[in-house]
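> please find the sequence and the predicted model below.
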Amino acid sequence: MAGNDAKKELLNFMNKKAFDPILKAKPEKYKEEERGALEDIQRKTENEKKQFAEEYSSVEEVKKNYLSNVRSKAAAKVNDELEKLGLPTLPQHKDEFMNLCEKLGT
């Protein structure tokens, strides 16, 4: 698959499985004390989504940075917060992501 098409497919996967559900989460569905954490997580997620789409120019960079995020200690803190809020994390979808990478030949 052509590089740009493969990159788009990986980005679509991440958007569908993790980024979009987080960004679409409604604050009113959460307890008052959780809303600040949700808003903070949504800001970080919006930045991360933008970073993957705009700063990583190749499918290889998307894959490398996805895997880096899955392993990073900073991301682990965010993932813990996401789990507390009942929202998806990138590590939850690592196996699916790797299967997609293999299917795309990356």
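Everything's here; your move. Being a predicted model, the structure only gives us computed values, none of them experimental.

> counting contacts, what elements does the longest helix anywhere in the chain pack onto?
In the chain, taking DSSP state H as the definition, the longest helix is helix 32-54. In terms of contacts (3 or more C-beta pairs under 8 Å, 6 or more residues apart in numbering; DSSP states H and E), helix 32-54 is packed against helix 3-14, helix 20-23, helix 59-71, helix 73-84. Every C-beta, even on glycine, is put in place using the N, C-alpha and C of the backbone.

> any idea how far the longest one is from the chain center?
Taking the mean of its C-alpha atoms, helix 59-71 sits 10 Å from the chain's own mean (C-alpha atoms, centre = their mean, to the nearest Å).

> what packs against that helix?
By 3+ C-beta pairs under 8 Å, 6+ apart, helix 59-71 packs against helix 3-14, helix 32-54, helix 94-104.

> mind listing what's buried along the first one?
Of all the residues in helix 3-14, those buried under the rule 16 or more other C-beta atoms under 10 Å are 6, 7, 9, 10, 11, 13, 14.

> which elements pack onto that helix?
helix 32-54, helix 59-71, helix 94-104.

> tell me which of the ones you listed sits most buried.
By mean neighbour count, with neighbours taken as mean count of other C-beta atoms under 10 Å, helix 59-71 ranks first of the helices and strands packed on helix 3-14 at a mean of 17.

> nearest spatial neighbour of residue 18, skipping sequence neighbours?
residue 88 (4.8 Å; C-beta to C-beta, 6 or more residues apart in numbering).
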